[in-house]
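> the sequence and its predicted three-dimensional model are supplied below.
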Amino acid sequence: MSHGLILSLYTQHEFRRLGIDLSKVIVLKYSNQETSVTIGESVRDEDVFIIQSGCGEINDNLMELLIMINACKTASARRITAVIPCFPYARQDKKDKSRAPITAKLVANMITVAGANHVITVDLHASQIQGFFNIPVDNLYCEPSMLKYINMNIPEWKNAIIVSPDAGGAKRAASIADRLNLEFALIHKERKKANEVSSMVLIGDVSGKIAILIDDMADTCGTLKLATSTLRDHGASKVYAIVAHGILSGKAIDVINDSLLERLVVTNTIPHDDKKAACSKIDTIDISSTLAEAIRRTHNGESVSFLFSHAPE
């Protein structure tokens with residue numbers, strides 16, 4: 001790639017695949033917790049890609065991203081693309097009760113005002129978040145990588161049934177079921193409050209089959225544990241869970257270890273090496289090739305839609 005720079009606050013996989021060097025940048029905090037960013041080389045008239053995922057210390061990471069975007073803008077970068085594998089605050093995307101903020105819209109505004117010209121992200125919690133931006137957004141999908149994983153790592157997948165743990169993820173799970181020519185089941189869940197499920201009802205027949213739960217994120221993993229127990233109680237022989245974003249906060253690792261899950265498969269949109277070391281049930285789908293190809297195609301002005309249905313090698 002000529003005439004392009006990658007400034008990474010997140011991972012090194014993408015630029016290794018692209019065969020270019022990571023640009024020099026220093027990010028540090030002052031004693032009063034202010035974030036300071038120093039870019040160590042010229043970005044004038046360059047096509048800049050800044051990689052930062054919404055994870056860990058989310059607010060600090062978001063500020064780092066915004067400051068770096070603005071630093072590149074004021075340094076006369078030709079185009080700035082924010083590559084955000086896991087979009088922060090994506091679950092706060094609607095006004096579902098009185099006085100509730102639509103924080104995902106606020107984050108979109110901040111990224112735009114900071115100076116980003118383009119955003120690349122992966123599996124937004126709701127596709128409509130793309131409409132919060134006044135700049136182009138490429139929302140890549142984990143579905144091709146998930147299909148590849150199922151084909152290569154679940155030997156008995158032809159005797160499987162795809163399950164959505166809630167009504168909101170039914171479209172995602174049904175699409176994978178159609179691509180694999182498998183049956184589809186749905187779990188209806190009732191919540192007492194956020195991150196706490198009170199009861200579950202299974203719609204569909206999983207008896208004697210391998211159940212593959214498909215979801216967009218695993219946070220505290222309480223839902224996955226309860227869904228797994230529900231599926232096993234209804235006769236499922238094994239239960240796998242494949243999710244796009246492995247947030248794994250709080251006591252998630254203890255919950256997974258204590259569950260009847262065969263495997264929890266997550267992509268590396270969020271770094272989780274420490275969680276993986278503490279839980280043998282976690283497996284990883286590497287999506288760096290998808291992001292790298294999206295960056296290459298964006299830089300060269302090529303179509304990105306190919307990646308919506310294909311996982312690059």
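Now that the structure is in, tell me what you want to look at. Since the structure is predicted, the reported quantities are computational estimates derived from the model, not experimental observations.
> mind listing what's buried in stretch 215-228?
By neighbour count on 16 or more other Cβ atoms under 10 Å, the buried set for stretch 215-228 is 215-228. Heads up, the C-betas are built off the backbone N, CA and C, glycines and all.
> helix or strand for the nearest residue to residue 133 once chain neighbours are set aside, which one?
Of all residues not flanking residue 133 in the chain, residue 108 sits nearest, at 4.9 Å (Cβ to Cβ, 6 or more residues apart in numbering). Using DSSP states H and E, residue 108 sits within helix 103-114.
> list the contacts of residue 139.
Counting by Cβ atoms under 8 Å, 6 or more residues apart in numbering, residue 139 touches 121-124, 127, 130.
> which of the buried residues of stretch 215-228 sits closest to residue 303?
The nearest member of those to residue 303, counting by Cβ to Cβ, is residue 216 at 24.6 Å.
> show me the shaky parts of the chain.
Where the chain drops to pLDDT under 70, the residues are 1-16, 190-198.
> tell me the domain boundaries of it?
4-141+288-308, 143-285 (automatic domain parsing).
> list the buried ones in the helix or strand hosting residue 37?
If you go by DSSP H and E, residue 37 is part of strand 35-39. Within strand 35-39, the residues that count as buried by 16+ other Cβ under 10 Å are 37, 39.
> the helix or strand just after it pairs with which strands?
The helix or strand immediately downstream of strand 35-39 is strand 47-51, counting by DSSP H and E. In the sheet, strand 47-51 lines up against strand 4-8 (parallel), strand 79-84 (parallel) (DSSP bridges).
> now do the helices in the stretch 151-300 of the chain.
170-180, 222-233, 252-258, 273-278, 288-300 (DSSP state H, counting those that start in this stretch).
> make a markdown table from those and add distance to residue 210 to it.
Rendered in a markdown table, the data for the helices of the stretch 151-300 of the chain read as follows (distance: least, Cβ to Cβ, whole Å):
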| stretch | distance to residue 210 |
| --- | --- |
| helix 170-180 | 12 |
| helix 222-233 | 10 |
| helix 252-258 | 18 |
| helix 273-278 | 23 |
| helix 288-300 | 26 |
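> residue 264: which of those helices is closest?
If we rank the helices of the stretch 151-300 of the chain by Cβ to Cβ, the stretch that ends up nearest is helix 252-258, at 5.5 Å.
> distance between that closest one and the chain's centre?
20 Å (Cα atoms, centre = their mean, to the nearest Å).
> what's the answer for stretch 58-66, then?
17 Å.
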